[in-house]
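J.: Give me a model of this one.
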Amino acid sequence: MGYNVMARTCPSRVVLHRIGARWTVFVVNALEHGPKRFVELKTHIQGITPKVLTETLRTLERDGLVLRTDHEENPPRVEYELTELGRSLLEPLRAVRRWAEAHVPEIEAANAAAAARES
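T.: Predicted coordinates:
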């Protein structure tokens, strides 16, 4: 069976929605170089709340993109890392990140022009 993200009932829409969720890109990028603890992720991803980070990690774990490892130590130590599936998402996300960073001036200029037309 082929998938078509443009079809209303296609499950690939759920996948694309998850990838495009606001914080997914940041969490996957933050885990690019290996496992991190929750506090390390929160510090690295500026602006994310603990609640949203928890929800995002749970979703990514449920989708098979992130592995949560509880080391059962005292004090507790839990780490998060990308699975092979999660690592396969890095290349396309790198391309999107490079594009976003390269086109900031053009996007800002377009926004400024739109704001000027609206006022």
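J.: can you pull out the strands in this protein?
T.: 36-37, 66-70, 78-82 (DSSP state E).
J.: roughly how far out does the first one sit from the chain middle?
T.: Okay, so that is strand 36-37. Centre-to-centre, strand 36-37 and its host chain are 15 Å apart (CA atoms, centre = their mean, to the nearest Å).
J.: what do you get for stretch 110-119?
T.: Using CA atoms, centre = their mean, the offset of stretch 110-119 from its chain centre is 30 Å.
J.: can you check stretch 21-32 too?
T.: That offset, for stretch 21-32, works out to 3 Å (CA atoms, centre = their mean).
J.: same question for it, mean pLDDT?
T.: Per-residue pLDDT over stretch 21-32 has a mean of 95.
J.: Would you mind pulling the contact partners of that stretch?
T.: Stretch 21-32 has contacts (CB atoms under 8 Å, 6 or more residues apart in numbering) with 18-19, 36, 41, 44-45, 48, 52-53, 56-57, 59-60, 65-66, 80-82, 86, 89-90, 93, 96-97. Every C-beta, even on glycine, is put in place using the N, C-alpha and C of the backbone.
J.: Please, a PyMOL command that selects the buried ones among these?
T.: To isolate the buried members of the contacts of stretch 21-32 in PyMOL, using 16 or more other CB atoms under 10 Å:
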select buried, resi 19+36+41+45+48+53+56+57+59+60+65+66+80+82+86+89+93
